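K.L.:
Let's see this in three dimensions:
(one chain, ligands or ions: 1)
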Amino acid sequence: MKIKYLLSVALLLCMPTLASAEITVEGAWVRMPPPVADTAAGYLILNNSGDADINIISVESAAAAHPEFHSMSMHEGMMHMQRMESVVVPAHGKLEFSPGGNHLMLKGLKRKLNAGDHVMFKLNTSDGHAVDVHAEVRDMRKMPDGHGGGHHH
Ligand SMILES: [Cu+2]
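P.N.:
So this is what the prediction gives:
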């Protein structure tokens, strides 16, 4: 019986763990959009402490009808945004969404976002787990340079 018990414990430990246990979210924030805008950009850092890459296949938010992952790239001197269907947080690594680079694009804002407001996101992983993100809206016009991302390089 003792062996059986140990076996079931081992099985439990081997089951896929919640992605949220392996992914930690750092410094999430949303740039306060201009009053007439119906989109806003969000930024955060995702750390993956696990041994496997984690694929994030969708993002949801009560604040926006169509949240998307976007990348930024330079083409012929112009910055272009491109939608990414999914993003990967590498094993024992991180994925950064920061101004001028990858970002969450909140398209179709459902409400006005004011500085200090809180916006919740849900990131869905390919293995069926979810990562909750709690972001604060920041008015970048009032922020000193270099402190916008909540982190330092
Ligand atoms: Cu964008």
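K.L.:
Spatially central residue in this protein, please.
P.N.:
Geometric centre of the chain, nearest residue: residue 44, 5.5 Å, by CA atoms, centre = their mean.
K.L.:
Tabulate the CA atom coordinates of stretch 88-101 in CSV.
P.N.:
Provided in CSV are the C-alpha atoms of stretch 88-101 (Å, rounded to 0.1, in the frame of the first residue of the first chain):
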residue,chain,number,x,y,z
VAL,A,88,6.4,32.0,-27.0
VAL,A,89,7.8,32.5,-23.5
PRO,A,90,11.0,30.5,-23.6
ALA,A,91,11.9,27.9,-20.9
HIS,A,92,13.9,29.6,-18.2
GLY,A,93,13.6,32.8,-20.1
LYS,A,94,11.4,35.8,-20.6
LEU,A,95,9.3,37.6,-23.1
GLU,A,96,9.2,41.3,-23.0
PHE,A,97,6.5,43.6,-24.2
SER,A,98,7.9,47.1,-24.0
PRO,A,99,7.4,50.5,-25.8
GLY,A,100,8.9,50.4,-29.2
GLY,A,101,8.7,46.6,-29.4
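K.L.:
Give the helix, strand or coil label for the residue nearest to the centre of the chain.
P.N.:
For residue 44, the assignment made with DSSP: H, G, I helix; E, B strand; the rest coil gives strand.
K.L.:
per-residue pLDDT, it?
P.N.:
Residue 44 is assigned 97 on the pLDDT scale.
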